[in-house]
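# A predicted structure for the sequence below; I have some questions about it.
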Amino acid sequence: MKKPDIEELRIGTEWVYRVGDSPPSQRVRVLSVMPKKNSARVQVEFLDGDRAGQAENVPGSRLRAPWSKVGEYDELMANWQRLSGFEIDTVEEAAVEVVYELLLPPEVATWEWKPIRFATAVHDQQALADLMRAPVDDVLSSVASFDLSGALMLSCEGSLLIAERLCRMHSMRVLGAVVEEEKIAREKCKRGFHREHPLEKREVETSPEWEYRWYREHLRPQHELLRQWCGHRAVTFQERLVAAEAEVRRLDILLARLIDAMKDDAHQGGAMFAQRMEEEHERERITPATVRPVVERPLDPSEIPVRYVQSRRRWG
């Protein structure tokens, strides 16, 4: 239910008054309206309860609906109150946002910011069922919900269940996006990055140490949660697939070098080179255990080994 416009706040009309979403509705009568640039101040008189007969100057945003619709408005607020009983943390919020942007078209479902962060509005239940490969009721039967103007409103718990189900059904897309983001994070942790200042409209240069701390506190927990939602089998399969592709590319390059060397030197030198290539082939073999990008802590200057380079002395 949308908030009233200034034109609707006519003198003598009765309205639902609430300081916030949780307190009960109170009946007030408009005595005068003082328009502001983006809102209005309203002089109201309380008509019921302990404050009956009292007048007060209040913001226009506290007048929520005409008093004739108080039952409808109270029911709506009670529904939102039911949905607010489940909360999620920032890591879960970030993971839900990744999944929704990657897999869920906005015409099917969207997350909402007000009055509850990360509640979900389902606009097309059949399309959502097709994406989840299961009936909506089977997945969300235990989740608090209500109908709002044709959209199915779900609590944050419903958002988590939808995101997890989508990860299970479309794990390769999610895991591919995670790996690509880890590759970018690895480069940032090596060289630093340029980010927009949160308060000033300018770019600032971040250090590798700062980027690693950001990755460890924000990105890594989010990535591990997404991998958990995708499931152990999907993660293992994806890592084996990436390892196999990388190993094939490496063997192609190694084999090309070996063939070229053998063509150039078919005698003792070529045989020795072929032996070295065989040793390198075994030593640098790519496996699922080594394929995941490892984001390493930047080295402190005291940890960097000192290299001494000898040069010929020049006599003047």
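Yep, that arrived.
# the bottom helix or strand of this protein by mean pLDDT?
helix 268-283 (a mean of 76; mean pLDDT, DSSP states H and E).
# Tell me which helix or strand comes right after that one.
Reading on from helix 268-283 to the C-terminus, the next helix or strand found by DSSP states H and E is helix 288-291.
# Can you name the residues in contact with stretch 105-122?
21, 80, 83-84, 88, 93, 96-97, 100, 123-124, 127-128, 131, 136, 148, 151-156, 158-159, 162 (C-beta atoms under 8 Å, 6 or more residues apart in numbering). No exception for glycine: its C-beta is placed from N, CA and C like everyone else's.
# Just the ones in strands from those residues, please.
148, 151-154 (DSSP state E).
# okay, and for the stretch 51-200 of the chain, where does confidence drop off?
For the stretch 51-200 of the chain, applying pLDDT under 70 flags the ranges 198-199.
# meant to ask about the stretch 201-316 of the chain
263, 265-269, 314-316.
# His281: what's it in contact with?
251, 254.
# Would you mind splitting this structure into its domains for me?
By the assignment in automatic domain parsing, the chain contains the domains 6-82, 85-169, 172-232, 239-291.
# and those, which is most packed in?
Among the domains of the chain, domain 85-169 has the highest mean neighbour count (mean count of other C-beta atoms under 10 Å), at a mean of 17.
# With respect to Arg313, which of the domains of the chain lies nearest?
For the domains of the chain, the distance to Arg313 is smallest for domain 239-291, at 34.5 Å, taking C-beta to C-beta.
# Could you tell me the end-to-end distance of that closest one?
Using C-alpha to C-alpha, to the nearest Å, the span of domain 239-291 from its first residue to its last is 7 Å.
# go on, stretch 254-272?
OK, stretch 254-272 end separation, C-alpha to C-alpha: 15 Å.
# Equivalent analysis for stretch 293-304, please.
Terminal-residue distance, stretch 293-304 (C-alpha to C-alpha): 22 Å.
# distance between it and the chain's centre?
Relative to the mean C-alpha coordinate of its chain, stretch 293-304 is positioned 28 Å out (C-alpha atoms, centre = their mean, to the nearest Å).
# any idea which helix or strand carries the residue nearest to Leu9 when sequence neighbours are not counted?
Among residues not flanking Leu9 along the chain, Val33 sits closest, at 5.0 Å (C-beta to C-beta, 6 or more residues apart in numbering). Element membership for Val33, per DSSP H and E: strand 26-35.
# What helices and strands are in contact with that strand?
In terms of contacts (3 or more C-beta pairs under 8 Å, 6 or more residues apart in numbering; DSSP states H and E), strand 26-35 is packed against strand 14-17, strand 40-46.
# ranges for the helices of the stretch 201-316 of the chain?
Secondary structure of the stretch 201-316 of the chain by DSSP state H, counting those that start in this stretch: the helices cover 208-214, 220-230, 232-264, 268-283, 288-291.
# The residue nearest to Leu9 against Ile11, yeah?
Yes. Assessed by C-beta atoms under 8 Å, Val33 is found in contact with Ile11 at 7.1 Å.
# returning to what we had before: out of the helices of the stretch 201-316 of the chain, which comes closest to Pro66?
helix 220-230 (44.6 Å).
# residues in contact with that closest one?
Contacts for helix 220-230 (C-beta under 8 Å, 6+ apart): 91-92, 94-95, 98-99, 163-164, 167-168, 171, 174-175, 178, 181-182, 235, 295.
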